[in-house]
Every structure is written in structure tokens, then in C-alpha cells.
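Asks: no FASTA, just this:
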């Protein structure tokens, strides 16, 4: 894949589509059950993560280029939505852990790129 902003946005768009698919798959599995993590707890956690991470990611992206703000804000939103949706499913523990690991991975990649 090439370098530059266009390639970066293509990658963000691809990952965005994958996260939307993840959310759609979880949401289409039917209603949440008693085996899910605390419904309110998962949603509150997702809201807090989004409220902290989305502005930080958006500001950092805006420093690279103002046109990156919206795509990165949207990506942060879909990541938080993915986590929130994963906590509402039966056996949510491994799904939530997966969503968190994806979030941590994305954050570490962002930090590494920012330093370079």
C-alpha cells in the first residue's frame, strides 16, 4: 500500500467497514440475554471511552490535516459502538476483550505514527 494521506484514508475506510460489519453481526444475533455483561455498565464504559478518545483522536488527526478530523471522529465512534454492542451479547467477555484489544491496537499504532 502506498504512503500518504489518500492511502491512510483508504485504510481507515476499510477498517471502518470491518467494524460496522462486526457491529451488524453482533446486533443481528438477537436480543441481549442475562449472560451479557451489565447492560448499563458496558454502555457507560463505551460512552466514557468515546468521550475521551474521540476528541483526542480527532484533534491529533486534525494536526496532520484538517480533512482527517471527520473520518477519524467517525472511526472513533464506530470503535466505541463496537465495544458497546459486544457487551450486550451472551458470553460477552471474549467479545468485549476482542473489542478492547482492537481499540488498544489502534491506539498503539496511532502513537507510534505520531512519534515518527
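Replies: Perfect, thanks for sending it. Remember, it's a predicted structure, so these values are computed and weren't measured experimentally.
Asks: going forward, measure contacts between C-alpha atoms and count neighbours the same way
Replies: Noted.
Asks: mean confidence score for stretch 73-83?
Replies: Looking at stretch 73-83 alone, the average pLDDT works out to 89.
Asks: List the buried residues of it.
Replies: 73, 75, 76, 77, 78, 79, 80, 81, 82, 83 (16 or more other Cα atoms under 10 Å).
Asks: Inside helices: which ones of the residues you listed?
Replies: Counting by DSSP state H, the buried residues of stretch 73-83 place 73, 75, 76, 77, 78, 79, 80, 81, 82, 83 in helices.
Asks: could these go into CSV alongside distance to residue 89?
Replies: As requested, those are exported to CSV (distance: Cα to Cα, whole Å):
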residue, distance to residue 89
73, 25
75, 22
76, 21
77, 19
78, 17
79, 16
80, 15
81, 13
82, 11
83, 11
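Asks: Identify the residue spatially nearest to residue 77, adjacent ones excluded.
Replies: residue 50 (6.5 Å; Cα to Cα, 6 or more residues apart in numbering).
Asks: in which helix or strand would I find that neighbour?
Replies: In the assignment (DSSP states H and E), residue 50 maps to helix 39-64.
Asks: Mind listing what's buried along that helix?
Replies: 39, 42-43, 46-47, 49-50, 53-54, 57-61.
Asks: before we move on, the earlier item: tell me the one among the buried residues of stretch 73-83 nearest to residue 28.
Replies: Top of the list for closeness to residue 28, among the buried residues of stretch 73-83 and by Cα to Cα, is residue 82 at 13.0 Å.
Asks: List the contacts of residue 68.
Replies: Shown in contact with residue 68 (Cα atoms under 8 Å, 6 or more residues apart in numbering): 9, 58, 61, 62.
Asks: hmm, 7 Å instead?
Replies: Each residue near residue 68 by Cα atoms under 7 Å, 6 or more residues apart in numbering is listed here: 61, 62.
Asks: do the same with residue 26
Replies: 85, 86.
Asks: In three-state terms, label it for me.
Replies: Here residue 26 is recorded as helix under DSSP: H, G, I helix; E, B strand; the rest coil.
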